[in-house]
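Asks: Quick check, what structure comes out for this input:
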Amino acid sequence: MKLVFLGTGAGMPSKGRNVTSIALQLLEERGATWLFDCGEATQHQILHTSIRPRRIEKIFITHCHGDHIFGLPGLLSSRTFLGGEDLLTIYGPKGLKDYVETSFKISGTYLKYPIHYVEISEGIVFEDDQFIVQAVELEHGIQSFGYQIIEKDLPGELNVEELKKIGVKPGPVYKFLKEGKTVTLEDGRILNGKDFIGSSKKGRRIAIAGDTRITDKSNLLARGMDVLVHESTFADDETAHAYDYFHTTSTQIATVAKCEGIKTLYLTHISARYQGEASKKLLDEAREIFDHTYIVNDFDEYAITRND
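Replies: Numbers count the residues shown, from 1 in each chain. As a prediction, the model looks like this:
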């Protein structure tokens, strides 16, 4: 599991930062990539990474401001030319489907793969045997969401050495024991698989926020998470400005991270006024409150490790 930051700027592109897009690579988990937001030129940014558009399985849009969706029609179109044939599911606020399909209709774009649109409300938007994705509605003037990506706990490892000690050789019986089933051996012994399975491994938990003014929902989004990716558009001295424009400051979100006991905070969606070294101001302010804070740049990659 790895986060790849394709665009980390706010509002419009700058020389140092493209507009918002984040990839969550799940290659070992499911051979796929999930994309969060798709600002203008996201597909250009992807060209500088190992991400393959045809492996993008799901796209989660936080809100429908242009710096988060203007790259979507182009990427979806190119996915056809790059061999994409599998179903792609797009999650986001009401109106997203109309935007994409109107773009296709006017431009005469045809895809060789199906798209399933899920126009979301707060709550669980996806669940399978590996992951749950929950949406939390935030406050940004227009409808905006954050997403919690929750990996389900993994079963413990089968204690192979203990089985060998009692004379159980590798074979199909290991599969049944691994599943926690009770098996009867040829010699009549009865073994309960649960007696030979180690402790389960806790799944990883990541929250990715859309644009938002700081509210109690920010705490709700971060609660119980290992990693929080959150906008930090402005520095602390722009708190009033951030409130007026429905954005968050570095100190506000660092306070949330400390309060909710998360492990790591990544600051993104950085205003163009903080170019180059000027962005260090945001990082320094946040770290005074929450030490495990990082300010991300385009093409930064961070592995999300499991706490065994």
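Asks: ranges for the helices of the protein?
Replies: For the chain, helices defined by DSSP state H occupy the ranges 27-30, 42-46, 66-69, 72-81, 96-107, 160-165, 172-178, 216-222, 239-244, 250-260, 280-287.
Asks: Output these in a markdown table, with mean neighbour count, distance to Pro13 and mean pLDDT appended to each entry.
Replies: Quick note: C-beta positions are derived from backbone N, CA and C, even for glycine. Formatted as a markdown table, those follow (neighbours: other C-beta atoms under 10 Å; distance: least, C-beta to C-beta, whole Å; pLDDT from 0 to 100):
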| stretch | mean neighbour count | distance to Pro13 | mean pLDDT |
| --- | --- | --- | --- |
| helix 27-30 | 12 | 28 | 94 |
| helix 42-46 | 21 | 10 | 98 |
| helix 66-69 | 22 | 9 | 98 |
| helix 72-81 | 19 | 14 | 97 |
| helix 96-107 | 14 | 20 | 98 |
| helix 160-165 | 12 | 53 | 91 |
| helix 172-178 | 15 | 50 | 90 |
| helix 216-222 | 20 | 26 | 98 |
| helix 239-244 | 14 | 21 | 97 |
| helix 250-260 | 23 | 21 | 98 |
| helix 280-287 | 18 | 19 | 97 |
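Asks: Show me where the stretch 1-150 of the chain has its strands.
Replies: 2-7, 21-26, 32-36, 56-60, 88-92, 115-119, 123-127, 131-137, 145-151 (DSSP state E, counting those that start in this stretch).
Asks: which ones are touching Asp211?
Replies: Listed by C-beta atoms under 8 Å, 6 or more residues apart in numbering, the contact partners of Asp211 are Thr62, His63, His65, His68, Leu138, His140, Ser144, Glu231, Thr233, Phe246, His247, His269.
Asks: my bad, should have said Cys64
Replies: Per C-beta under 8 Å, 6+ apart, neighbours of Cys64: Gly92, Pro93, Gly95, Leu96, Tyr99, Ile142, Gln143.
Asks: Quick check on those: which are buried?
Replies: Gly92, Pro93, Leu96, Tyr99, Gln143 (16 or more other C-beta atoms under 10 Å).
Asks: My understanding was that the last one contacts Glu137; is that so?
Replies: Yes: at 7.0 Å, Gln143 and Glu137 qualify as touching, with contact defined as C-beta atoms under 8 Å.
Asks: how far does stretch 93-113 sit from the chain's center?
Replies: 24 Å (C-alpha atoms, centre = their mean, to the nearest Å).
Asks: Then stretch 26-39?
Replies: For stretch 26-39, the distance to the chain centre is 8 Å (C-alpha atoms, centre = their mean).
Asks: Check stretch 171-189 too.
Replies: With C-alpha atoms, centre = their mean, you get 38 Å for stretch 171-189.
Asks: now swap in stretch 214-234 and tell me
Replies: Taking mean C-alpha positions (C-alpha atoms, centre = their mean), stretch 214-234 and its chain are 13 Å apart.
Asks: Between its first and last residues, how far does that stretch reach?
Replies: 12 Å (C-alpha to C-alpha, to the nearest Å).
Asks: quick one: contacts for Lys280?
Replies: Contacts of Lys280 (C-beta under 8 Å, 6+ apart): Ile295.
Asks: what do you get if the cut-off is 10 Å, keeping everything else the same?
Replies: Tyr274, Ile295 (C-beta atoms under 10 Å, 6 or more residues apart in numbering).
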